[in-house]
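just need the structure, nothing else, for what follows:
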Amino acid sequence: MTIDSGLETQYSQLFYRLSPANSKLFYKLSPGNSKLNTPNSKLNTPRSKLPTILQPIEVFNAKTSSITINLWQITFNMFIKKSILSLVLLLTCIMAAKAQVKIGFEVSFKEPQAHYAEVQMNISGLAKDYVDVKMPVWTPGSYLVREFEKSVEEFKATAAGKPAKVEKVSKNTWRIFSAKASNIKINYRVYAFEISVRTPFIDESHAFLSPTGIFMHPDGMIKSPSTVKIIPFKTWSKVSTGLPPVAGQQFTYHASDFDILYDSPIEVGNQDVFEFMAAGVRHEVAMYGGGNYDKEKLKVDMAKIVEEPTKLYGENPNKHYVFIVHNFLRGGGGLEHLNSTTLGATRNAYNTEAGYKGFLALVAHEYHHLWNVKRLRPVALGPFDYDNENYTTNLWVAEGFTSYYENKYMQRAGFNDATQFVTDLAGAVGTVVNTPGAKYQSAASSSYDAWIIGYRPNENSRNNSISYYSKGEVIGILMDLEIINATKGQKSLDDVMKAMYLQCKTLKRGYTDAEFKAMVEKISGISFTNFWAKYVNGVDDVEYKKYFEYAGVNVTTENATPDKPVTGASGQLTNNGTISVTLIARNSAAWIAGLNVNDEIISLDGVSVNDALETIKLRSPMLSLETLPLVTKKNIGEVLKLKVKRDGLDKDISLTLKENPNVRLKPTIKEDATPAQKAVFAKWLGN
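Numbering: from 1, shown residues only. Presented below is the predicted three-dimensional model:
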């Protein structure tokens, strides 16, 4: 909004919409007129006859740049307060227009080999005694306070070209005493040397700018726009990001607000860039790190993946999407963003079936997040509080359902057949069944505690917790089959996801757990109260046989290692020829006997660890005791004697070997399935 300083009109006119019981009148009060006028009406009431008249208040005077309002507060029975709020909004807009704030960043790389980025932040039009700037402590999609501010160095500022006093007032907040100067320049360095999809990393070959670990925002101004100019290192020539470019300015980009900026990773270097069109959207793939990938094959196959969720939701929210792919010796994982994603991959696994399908499944997972979590989101995940944890009990939907849908998309796009689809889902159920912690932590609790448990596992986590990815995937499988069965093959979880996406889009906010449950019940036509109590908020055993049977799939179980004893202890080989214990399974032989994590196993039944490993040709640094030939030769119920060292002291521990508690699920698609089961199965596959 701009104001023409050449206006000659001295006073603004205020408009009020009044709603008497029998008519709607649009009144205009004019300071230069003593009468109340109504368009298209013969009413011409002298101002002195109005029920109540208060003293005039000044309103904006465009000629003198003062604020001058002639306002009479008129008392009518139906007079509403909206007019006052409208006036406040008007004045706010006027004042905001008089003080345009501009924020711009410039990122350069003087010492990339030392893992540093140089950041300059320019703020103009914010004339205050002091300005606070803040760096986020976490990044959306990764639920852990990572304290990005710990990597900031040499923070300095000038105000109106002169050095300004800087004081750190909280762990992630710097205060610049700008003395009402309208131009502030801030310079700082960021050390970036953690390889992951959610943290910045810089070396001589490239820079990956995960924005929450690079940029800062003025306190209270998250909704302010900004520009980012990237100055690549002298040997680099490319920038890849989902941010829209500023016309005519190379490597300069615009963010409509800081939520957008913080959700837009930037890859800088000499990445291999190629594009493909799918779902009417231009997709850019930026490959760093080389690899044995086939670009033409990836263009075709990634496009197939993209089309599937677009069909499900009925629309694709983007015009441009960027895949930033980091290829390493051994890589994995991904992080979703509004119009981009960052993926980790193994550079020389593209030519193997497992490696290639694994990459496509990762693409499917992260692309589904365009809808699920970025737009179809729990109400707690937006607007974000970048200073603190943002708690929700619904990550089992956001991540678990996305894990489930990556399997659905891989099957629907033609990369897996029906048998593989069913086998993979049975394997997902088996993961939960065989995790001891699934009996102690619910999916809702796992979601809520992601900040303190999910991203901070310890040696006992498998015993007392369950991943919301794993449990959420299983809930998705069961819920999908329940809906399809209840509607006789007419509806599925697809319908719930699309309806919830449209609801979030319409309401412009996230969903509550109760709203998600209500939509499931609306689509299915049945109550899900018991389902929620058992599988979402409870820790009941998964009734997988019942649900798979809906689709004509018979699931049998067998012991994971029939007739073979297990200790329940895992460890790592040390340079001293011992095994350092790293994991003890709940209720296992090792658990009952009192073997501890960090114990060093010196010998087993009097045989040294080195001798016990002598017949193993390919030694892994990580191993379970039951993989040792000395243990596998024993029978269930026999005793294994260990000599261990704990805190420098020798200790003897005897384990009574037990049967393996883990099971293997074996699904079979029934040839004699009923018509009802066949209908459920067909809908399950998306037919």
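
list the contacts for I324?
F208, S240, P265, E267, Q271, A286, Y288, S340, T341, T342, L343 (CB atoms under 8 Å, 6 or more residues apart in numbering). Any C-beta I mention is one placed from the backbone N, CA and C, and that applies to glycine too.

tell me the SS of it?
Put simply, I324 is strand when judged by DSSP: H, G, I helix; E, B strand; the rest coil.

bridged to it, which residues?
With DSSP bridges as the criterion, I324 is bridged to A286, T342.

now it: how far from H206?
Distance, I324 to H206, by CB to CB, to the nearest Å: 10 Å.

mutual contacts of the two, please.
By CB under 8 Å, 6+ apart, the residues touching both I324 and H206 are E267, Q271, Y288.

ok, the closest residue to P232 other than its chain neighbours - contacts?
Among residues not flanking P232 along the chain, V268 sits closest, at 5.3 Å (CB to CB, 6 or more residues apart in numbering). Residues near V268 by CB under 8 Å, 6+ apart: F109, H206, A207, F208, L209, I230, P232, F233, W236, K238, V239, S240.

can you get me a residue count around the third one?
Residues within reach of A207, counting by other CB atoms under 10 Å, total 27.

helix or strand: which one has it?
Using DSSP states H and E, A207 sits within strand 206-209.

quick one: V285 and L298 touch, right?
Yes - if you go by CB atoms under 8 Å, V285 and L298 touch, sitting 6.9 Å apart.

pull out the buried positions in stretch 218-229.
Across stretch 218-229, burial judged by 16 or more other CB atoms under 10 Å covers P218, M221, I222, S224, P225, S226, T227, V228, K229.

narrow those residues to those in strands?
P218, S226, T227, V228, K229 (DSSP state E).

show me the contacts for the first one.
P218 makes contact with V101, I103, I123, L126, V131, D132, V133, K134, S224, according to CB under 8 Å, 6+ apart.

tell me the one of these nearest F177?
Distance to F177, by CB to CB, is smallest for V131 among those, at 8.5 Å.

may I have the beta-bridge partners of the residue lying closest to that closest one once chain neighbours are set aside?
Leaving aside its sequence neighbours, V131 sits nearest to I176 (CB to CB, 6+ apart; 5.0 Å). Beta-bridge partners recorded for I176 (DSSP bridges): V131, V166.

coming back round to it: what's in contact with the strand holding A207?
Here strand 206-209 has contacts from 107, 109, 112, 117, 192, 200-202, 233, 236, 265-271, 288, 324, 326, 342, using CB under 8 Å, 6+ apart.

please pick the buried ones from those.
107, 109, 112, 117, 192, 200-202, 233, 236, 265-269, 271, 288, 324, 326, 342.

before we move on, back to that, and the buried residues of stretch 218-229, which two are furthest apart?
Top of the distance list for the buried residues of stretch 218-229 (CB to CB): I222 and K229, 20.9 Å.

list the buried residues for whichever strand or helix holds F359?
Using DSSP H and E, F359 falls within helix 353-368. Within helix 353-368, the residues scored as buried using 16+ other CB under 10 Å are 355-356, 358-368.

show me what the helix or strand following that helix is packed against.
Using DSSP H and E, the helix or strand that follows helix 353-368 in sequence is helix 395. Contacting helix 395 under the criterion 3 or more CB pairs under 8 Å, 6 or more residues apart in numbering; DSSP states H and E is no other helix or strand.

apply 10 Å and report the result again.
For helix 395, the packing partners by 3 or more CB pairs under 10 Å, 6 or more residues apart in numbering; DSSP states H and E come out as helix 443-448, helix 468-486.

from the chain's centroid, how far away is stretch 329-341?
Put simply, stretch 329-341 sits 11 Å off its chain's centre (CA atoms, centre = their mean, to the nearest Å).

now do the same end-to-end measure for that stretch.
One end of stretch 329-341 to the other measures 20 Å (CA to CA, to the nearest Å).

and I584, bridged to which residues?
Beta-bridge partners recorded for I584 (DSSP bridges): A569.

report the contact partners of it.
459-460, 462-463, 567-571, 590-597, 599 (CB atoms under 10 Å, 6 or more residues apart in numbering).

please narrow those to those residing in strands.
Those of the contacts of I584 lying in strands (DSSP E): A569, S570, G571.

mind checking how far the last one is from L623?
What that stands for is G571. Distance from G571 to L623, by CB to CB: 7 Å.

for W396, same thing?
Taking CB to CB, one finds W396 at 32 Å from L623.

which one's more surrounded, these two?
Ranked by neighbour count (other CB under 10 Å), W396 and L623 place W396 first, with 29 against 18.

quick check: the more buried one vs N390, distance?
Separation of W396 from N390 (CB to CB) stands at 16 Å.

OK, contacts around the most centrally placed residue in the chain?
Most central in the chain under CA atoms, centre = their mean is G141, positioned 1.9 Å from the mean C-alpha point. Applying CB under 10 Å, 6+ apart to G141 gives the contacts 197-198, 263, 334-337, 341-342, 366, 369, 373-374, 381, 398-399.

per-residue confidence for it?
G141 is assigned 97 on the pLDDT scale.

how close does it sit to N372?
Look at G141 and N372: by CB to CB, they are 12 Å apart.

what does E515 give?
15 Å.

and these two? Which one has more around it.
More crowded of E515 and N372, by other CB under 10 Å: N372, with 23 against 15.

what bridges to that one?
The partner residues for N372, given DSSP bridges, come to L376.

these two touch, right, it and L395?
No - in this structure N372 lies outside contact range of L395 using CB atoms under 10 Å: 11.0 Å.

tell me which residues of stretch 406-417 come out buried.
For stretch 406-417, by 16+ other CB under 10 Å, it's E406, N407, K408, Y409, M410, Q411, R412, A413, F415, N416.

Throw those residues into JSON lines and include distance to K643, thanks.
Below are those laid out as JSON lines (distance: CB to CB, whole Å):
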{"residue": "E406", "distance to K643": "46"}
{"residue": "N407", "distance to K643": "46"}
{"residue": "K408", "distance to K643": "51"}
{"residue": "Y409", "distance to K643": "52"}
{"residue": "M410", "distance to K643": "49"}
{"residue": "Q411", "distance to K643": "51"}
{"residue": "R412", "distance to K643": "56"}
{"residue": "A413", "distance to K643": "55"}
{"residue": "F415", "distance to K643": "51"}
{"residue": "N416", "distance to K643": "49"}
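
of those, which is the nearest to T561?
Nearest member of these to T561, counting by CB to CB, is N407, at 26.3 Å.

in which helix or strand does the closest one reside?
Counting by DSSP H and E, N407 is found in helix 402-412.

could you list the buried residues of stretch 120-132?
Here stretch 120-132 shows M121, N122, I123, L126, A127, Y130, V131, D132 as buried, counting by 16+ other CB under 10 Å.
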